[in-house]
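[1] let me see the structure of the following:
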Amino acid sequence: MVAVVTAGLWWVKPDAVEVPRPLGQIRITLPDTTTSPYKTPCGSQFRIPNHAKVELRNSGDKEGCWFNLSFPRFNAKLHCTEVPVRDLESLLRDAQSLVFGHEVAATGIRRQALDLPSKSGTLYALEGPVATPLQFFVTDSTDHFIRGSLYFSHKPNPDSVAPVLQRLESDVRIMMETLLWP
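    The predicted structure follows:
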């Protein structure tokens, strides 16, 4: 009798109602926008975001300085090179060839010019699945030249990194605008 009642209850039990779930989105929490002053081994100064860590690649010499700004939260690094100007035309040509070398993979390239009394430069935002979605250079045209390239340490998926890239673009723009030469 117990078996018959149990079988009957099992047979009559209500089916679980399936509830559709919303599409999942990755939540990226962006850090605050505060910055701190930083002085390179070559003597130039600018403001860097507090969420970045400086990694020196050399301590500076007559050939220039190499350093990285690491963004561990985003698995990204901004590789920076600071060199003295000996042949400005060659430096500009190299900077542009490094940008436009990604033209095959890029779906677009946005340029933002920086033109202040003591310096000029360009910030390039490369759209699409490119290895370096942000590149820049700043120069005083006579003595100093700094260029940088942002690399993610994972496959570049433009949709996934869009909010991070937008934030890092504003961080790089602040660096460029606050740059002071020795």
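[2] might one say that T81 is in contact with I146?
    Yes - the pair T81 / I146 is scored as a contact, 7.0 Å apart, by C-beta atoms under 8 Å. Glycine gets a C-beta too; all of them are placed from N, C-alpha and C.
[3] okay, these two: which has more neighbours?
    I146 (25 against 17; other C-beta atoms under 10 Å).
[4] quick one: the strands in the protein?
    Here the chain has its strands, by DSSP state E, at 35-39, 45-49, 53-56, 65-71, 76-84, 108-116, 119-127, 134-139, 144-152.
[5] for E127, list each beta-bridge partner.
    Per DSSP bridges, the residues bridged to E127 are G108.
[6] that one: neighbour count?
    For E127, using other C-beta under 10 Å, the count is 14.
[7] what's the answer for the one 5 residues further on, then?
    Neighbouring residues of T132 were enumerated by other C-beta under 10 Å; the total is 20.
[8] tell me the contacts of it?
    T132 is in contact with 98, 102, 126, 149-151, counting by C-beta atoms under 8 Å, 6 or more residues apart in numbering.
[9] pick out the lowest-pLDDT one from these.
    Scanning the contacts of T132 for pLDDT, the low point is H102. It has 77.
[10] what's the average pLDDT for stretch 41-50?
    Mean predicted confidence for stretch 41-50 is 92.
[11] now do that stretch: everything it contacts.
    Taking C-beta under 8 Å, 6+ apart as the rule, stretch 41-50 contacts 31-39, 54, 56, 58-60, 64-65, 67, 69, 82, 144, 146, 171, 174-176, 178-182.
[12] having no further points to raise, I will conclude here.
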